[in-house]
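1. dropping the sequence and predicted coords here.
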Amino acid sequence: MRIRTLEMGVGLFLLGGLLALLLLSLRVSGLSVSNADTYKLYAYFDNIAGLTVRSKVTMAGVTIGKVTAIDLDRDTYTGRVTLEIQNDVNILPVDSTASILTAGLLGEKYIGISVGGEEEVLGNGDTIRDTQSSLVLEDLIGKFLLNSVNKE
Amino acid sequence: MRKRSITERIRLLGRAGLDVVAALGRSTLFLVHALFGRSELRNGFNLLVRQLYFVGVLSLAIVVVSGIFIGMVLALQGYNILTNYGSEQAVGQMIALTLLRELGPVVTALLFAGRAGSALTAEIGNMKSTEQLSSLEMIGVDPLKYIIAPRLWAGFISLPLLTLIFNVVGIWGGAMVAVDWLGVYEGSFWANMQNSVDFHSDVFNGIVKSLVFALVVTWIAVFQGYDCEPTSEGISRATTRTVVYASLAVLGLDFILTALMFGDF
Amino acid sequence: MSASNAYAVELKGVTFTRGERAIFDNVDIAIPRGKVTAIMGPSGCGKTTLLRLVAAQLMPTAGEVWVAGQNLPSLSRSELFDMRKQMGVLFQSGALFTDLDVFENVAFPLRVHTRLPEEMIRDIVLMKLQAVGLRGAVELMPDELSGGMKRRVALARAIALDPQILMYDEPFAGQDPIAMGVLVRLIRLLNDALGITSIVVSHDLAETASIADYIYVIGDGQVLGHGVPGELMESDNPRIRQFMQGAADGPVPFHFPAPAYVDDLLGGADA
């Protein structure tokens, strides 16, 4: 009979471990069971400064996807950002704008998408033409100083 | 009492260095033999289940209790700091990331070394000193297969599972404190967590870490028992060594693994 | 170079060193088949090491160990494990598996090496336990047994597979007179009834001399002498005589080697 409780203990332990894995993957990391319900978009930025893989992609403040890759486009010398957008948001007009924004003054960078007016919508593998690069504090200060010098 | 000349000291130092290298080689051969040598044991599975019980199930209590408390403390500390920046909703994300990436694997491995590792060393050392290992050999059973291998496998399997359970319990404890007690809004607590935790880079990497720790801790524990001097003094020294070496190995390896996984190079 | 048939175990020119200390230096020992042979000598002279050499748990630094016509150092690890099925060892502490009861301890070798049905294993185990007089203790755990009973159970386990050679490591150490008497009787009985070759390693003079057919006395890494018990008692080798008669001082000095007593006492003042 002792063997039996021992086996049951081990069985419960294994089940507990697997349940924990399940909880961690679904509840904590928000892993969706299938990855098929997203589609890819590309966007080129002059400066992606501070944007990282796994940054959020939002629209009107609502998260609709994430950044999955960032690389340098060798022909145009711009940063190419790959976005993965949820399939149920397949209504982005082709002239939508992607801009790199900052959450708060010093917070993390994310991509905000503002809607365009065209009827045609972006599909898998399309590129967002209209982009606005990251706001770089140093550039801004530089411009401001230049302006004040010019005025004098 | 006796004074040692300089040359003798250098000689002793060299001897110590050679001893370390020899022990390393001996323990590697030992591991390879135990895991990959031929085995004709018919009841191997029963032996494994038995060891899973002793190594895994019996460590569950300490892991669960520590997990709850560590999660609760993280929530309290995190909340106090994050309120200063007005971002107390991020407490969920902080708890989850700290536990999954660092505290879960490391603390569980340390607890495991203390609870199961020392017990393994003492048990095997005791078998050695009462000549049970020799007597197995004489019966024609390889003690590496019959005694060591099931314990090694049980350690490998148990520690990652214990780590997962530790993480879940810790996050649950943290959620309890943050949401029910400190009044963080439940929706943003979980939403923030899910947004920032990535399955591959956080959950999966944590499991990889705990697999590495499991290998190292069980290996050290079992080898120290097998290699100890078969006297009661030798066993107690070996048990201490298990806890010290295993803890140091876990912390050192954790740095290396973290650098490899999360460092940008 | 084959082992002669009259001997079950032969050590030829065996040297064994541990660290820089030679425990055996070019030792020749031949153990006659079917007899009780005792290996005697003062503590720390390597008697247990000798058993481990015969059991191939240790390998000699040089020389040959022939058991049942095979030279042990030349065998592979798995051949050794097969070889050991023909040998039984009774360890000093008994070495029962503490997590198994008496029945399972005795059944263990049978379960590992045979595919006998459960009833047959049960019969064999009860027979072996009957032989050592402990059939009634079949359900006890090892920690419920006295030291002498543990050794008897271990003996039952050692003979479970009907070995050719049975080795006893200090069977009499730390036993009360009754338990000693029982063990002496059992060793003799098993040897004669089963035709086993017995090797008894011991320093208990009276008991060992009473059962041994032949005695080897070893010390300082050498065989000091061998012969039947009566012969050795009368030996004119002073070292053997000292051991066999239990004298405190003799060729083996009472004092550990030290500088001269007077020098040591006076020299202490300078330090």
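-> Received, thanks.
2. helices of chain B, residue ranges please.
-> Remark: helices of chain B, listed N- to C-terminal, are B:6-36, B:44-55, B:60-83, B:91-97, B:104-112, B:118-129, B:132-139, B:143, B:149-175, B:186-196, B:205-227, B:232-262; assignment by DSSP state H.
3. show me where chain A has its helices.
-> Counting by DSSP H, chain A has helices at residues A:2-23, A:137-151.
4. mind giving me the packing neighbours of the longest strand along chain A?
-> For chain A, the strand reaching the highest residue count under DSSP state E is reported as strand A:62-73. With contacts defined as 3 or more Cβ pairs under 8 Å, 6 or more residues apart in numbering or on different chains; DSSP states H and E, strand A:62-73 has these neighbours: strand A:38-45, strand A:56-59, strand A:78-86. The C-beta positions use only the backbone N, C-alpha and C, and glycine is treated the same way.
5. where does chain B dip in pLDDT?
-> Using pLDDT under 70 as the threshold, the predicted model of chain B has low-confidence ranges B:1-3, B:37-42, B:264-265.
6. what parts of it come near chain A?
-> B:49-50, B:52-53, B:56-57, B:60, B:96, B:100, B:158, B:160-162, B:164-165, B:167-168, B:171, B:190, B:193-195, B:197-199, B:201-203, B:207 (Cβ under 8 Å from any Cβ of the partner chain).
7. quick check: mean pLDDT across the longest helix that chain C contains?
-> Looking only at chain C and at elements set by DSSP H, the helix with the highest residue count is helix C:177-194. Throughout helix C:177-194, pLDDT has a mean value of 83.
8. quick one: distance of the following helix or strand past that helix to the chain centre.
-> Elements were assigned by DSSP states H and E; along the chain past helix C:177-194, the next helix or strand is strand C:197-202. Relative to its parent chain, strand C:197-202 has a centroid offset of 5 Å by Cα atoms, centre = their mean, to the nearest Å.
9. who's in contact with strand C:197-202?
-> The set of residues external to strand C:197-202 that reach it, using Cβ atoms under 8 Å, 6 or more residues apart in numbering or on different chains, is C:8-9, C:31-40, C:47-48, C:50-51, C:54, C:164-173, C:187, C:190-191, C:208, C:211-212.
10. again, 6 Å this time
-> The contact list for strand C:197-202 (Cβ atoms under 6 Å, 6 or more residues apart in numbering or on different chains) reads C:8, C:31, C:33-34, C:36-39, C:47, C:51, C:165-170, C:172, C:191, C:208.
11. shouldn't residue B:125 be in contact with residue B:229?
-> No. Under the criterion of Cβ atoms under 6 Å, residue B:125 is not in contact with residue B:229, lying 8.5 Å apart.
12. compare the two (neighbour count), which wins?
-> For residue B:125 and residue B:229, the more surrounded residue by other Cβ atoms under 10 Å in any protein chain shown is residue B:125, and the numbers stand at 27 against 13.
13. mind listing what's buried in stretch C:131-141?
-> Within stretch C:131-141, the residues scored as buried using 16 or more other Cβ atoms under 10 Å in any protein chain shown are C:131, C:132, C:134, C:137, C:138.
14. a markdown table please, covering these and showing secondary structure, distance to residue B:221 and pLDDT.
-> Putting those into a markdown table (DSSP: H, G, I helix; E, B strand; the rest coil; distance: Cβ to Cβ, whole Å; pLDDT from 0 to 100) gives the following:
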| residue | secondary structure | distance to residue B:221 | pLDDT |
| --- | --- | --- | --- |
| C:131 | helix | 40 | 82 |
| C:132 | coil | 37 | 81 |
| C:134 | coil | 36 | 81 |
| C:137 | helix | 34 | 82 |
| C:138 | coil | 34 | 81 |
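15. in JSON lines: these, plus distance to residue A:66.
-> Formatted as JSON lines, the entries for the buried residues of stretch C:131-141 read as follows, by distance: Cβ to Cβ, whole Å:
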{"residue": "C:131", "distance to residue A:66": "76"}
{"residue": "C:132", "distance to residue A:66": "74"}
{"residue": "C:134", "distance to residue A:66": "72"}
{"residue": "C:137", "distance to residue A:66": "70"}
{"residue": "C:138", "distance to residue A:66": "68"}
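16. dump those residues into CSV; add distance to chain B as well.
-> Supplementary listing: the buried residues of stretch C:131-141 in CSV, determined by distance: Cβ to the nearest Cβ, whole Å:
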residue, distance to chain B
C:131, 18
C:132, 16
C:134, 18
C:137, 19
C:138, 19
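17. nearest to residue B:11 among those?
-> In terms of Cβ to Cβ, no member of the buried residues of stretch C:131-141 lies closer to residue B:11 than residue C:132, at 52.4 Å.
18. could you report the distance from that closest one to residue C:38?
-> 21 Å (Cβ to Cβ, to the nearest Å).
19. ditto for residue B:6
-> To residue C:38, residue B:6 is 50 Å away according to Cβ to Cβ.
20. kindly report the same for residue C:244.
-> Using Cβ to Cβ, we find residue C:244 at a distance of 12 Å from residue C:38.
21. may I see the buried residues of stretch B:69-84?
-> By neighbour count on 16+ other Cβ under 10 Å, the buried set for stretch B:69-84 is B:70, B:71, B:72, B:74, B:75, B:76, B:78, B:79, B:82.
22. sketch out the low-pLDDT regions of chain C for me.
-> Scanning chain C for pLDDT under 70 picks out C:1-5, C:44, C:251-252, C:268-271.
23. can you map out the strands along it?
-> In order along the chain, chain C carries the following strands (DSSP E): C:7-18, C:21-32, C:36-40, C:62-67, C:70-71, C:87-90, C:165-169, C:197-202, C:214-219, C:222-227.
24. mind putting those strands into CSV with mean neighbour count?
-> Conversion of the strands of chain C to CSV gives the following (neighbours: other Cβ atoms under 10 Å in any protein chain shown):
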stretch, mean neighbour count
strand C:7-18, 19
strand C:21-32, 18
strand C:36-40, 26
strand C:62-67, 19
strand C:70-71, 16
strand C:87-90, 27
strand C:165-169, 24
strand C:197-202, 25
strand C:214-219, 22
strand C:222-227, 18
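25. quick revisit: most packed of the helices of chain A?
-> The highest mean neighbour count among these belongs to helix A:2-23 (a mean of 15), with neighbours defined as mean count of other Cβ atoms under 10 Å in any protein chain shown.
26. what's the angle from it to helix B:60-83?
-> When axes from the mean of the first three to the mean of the last three Cα atoms, to 10 degrees is applied, the directions of helix A:2-23 and helix B:60-83 differ by 20 degrees.
27. give me the contacts around helix A:2-23.
-> Judged by Cβ under 6 Å, 6+ apart, the contacts made with helix A:2-23 from elsewhere in the structure are B:49, B:52, B:53, B:56, B:57, B:161, B:164, B:165, B:168.
28. out of the residues you listed, who has the most neighbours?
-> Neighbour tally across these (other Cβ under 10 Å): the maximum, 28 neighbours, falls on residue B:164.
29. now that residue. Nearest residue, chain neighbours left out?
-> Nearest in space to residue B:164, with sequence neighbours left out and distances taken as Cβ to Cβ, 6 or more residues apart in numbering or on different chains, is residue A:20 at 3.8 Å.
30. residues touching the spatially most central residue of chain A, list them.
-> Relative to the mean C-alpha position of chain A, the nearest C-alpha, by Cα atoms, centre = their mean, is the one of residue A:66, at 2.3 Å. Under the criterion of Cβ under 6 Å, 6+ apart, the contact partners of residue A:66 comprise A:54, A:56, A:57, A:84.
31. how about the strands of chain C in JSON lines, adding distance to residue B:36?
-> As requested, the strands of chain C are arranged in JSON lines below (distance: least, Cβ to Cβ, whole Å):
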{"stretch": "strand C:7-18", "distance to residue B:36": "30"}
{"stretch": "strand C:21-32", "distance to residue B:36": "33"}
{"stretch": "strand C:36-40", "distance to residue B:36": "38"}
{"stretch": "strand C:62-67", "distance to residue B:36": "29"}
{"stretch": "strand C:70-71", "distance to residue B:36": "27"}
{"stretch": "strand C:87-90", "distance to residue B:36": "27"}
{"stretch": "strand C:165-169", "distance to residue B:36": "32"}
{"stretch": "strand C:197-202", "distance to residue B:36": "35"}
{"stretch": "strand C:214-219", "distance to residue B:36": "40"}
{"stretch": "strand C:222-227", "distance to residue B:36": "42"}
